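> Whatever this is, show me its structure:
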Amino acid sequence: MRARAHYLQPLVHLWVELRASNTDWSVDPSLEFASNCQKFDAWRAALLTRLRVRDSN
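This is a model prediction of the structure:
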C-alpha cells in the first residue's frame, strides 16, 4: 500500500496545483493550459523514471 501511495503522490500534488490555478481568473486560459500541460509532462516523466527504477531493482 505504501508503494502505491508513493506513485500516486505526484498525481495528487498535480491535482491540487491544477485546482488552485483554476481559481485565478486573472490568468489567460491559454497560458494556464500550457502551464498545466508542462506540469503534467513533468509528473509523467517523474512517474516513468520511478517505474523504471522500480523495475530495474
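
> From now on I want contacts and neighbour counts done on CA atoms only, so please keep to that.
Fine.

> The longest helix that the chain contains: which residues count as buried?
Taking DSSP state H as the criterion, the chain has its longest helix at helix 29-56. By 16 or more other C-alpha atoms under 10 Å, the buried positions in helix 29-56 come out as 32, 36, 39-40, 43, 47.

> Now pLDDT and distance to D55 too, for these, in a markdown table please.
Output for the buried residues of helix 29-56, formatted as a markdown table (pLDDT from 0 to 100; distance: C-alpha to C-alpha, whole Å):
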| residue | pLDDT | distance to D55 |
| --- | --- | --- |
| E32 | 72 | 34 |
| N36 | 79 | 28 |
| K39 | 84 | 24 |
| F40 | 86 | 22 |
| W43 | 85 | 18 |
| L47 | 86 | 12 |
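
> could I get those residues as JSON lines with distance to V16?
Formatted as JSON lines, the buried residues of helix 29-56 follow (distance: C-alpha to C-alpha, whole Å):
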{"residue": "E32", "distance to V16": "14"}
{"residue": "N36", "distance to V16": "11"}
{"residue": "K39", "distance to V16": "12"}
{"residue": "F40", "distance to V16": "12"}
{"residue": "W43", "distance to V16": "13"}
{"residue": "L47", "distance to V16": "17"}
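
> which among these gets closest to V12?
Of all the buried residues of helix 29-56, W43 has the smallest distance to V12: 10.2 Å, by C-alpha to C-alpha.

> What count of nearby residues applies to the residue nearest to that closest one when sequence neighbours are not counted?
Nearest-residue entry for W43: P10, 6.3 Å, with adjacent residues in sequence omitted and distances by C-alpha to C-alpha, 6 or more residues apart in numbering. Neighbour count of P10, defined by other C-alpha atoms under 10 Å: 17.
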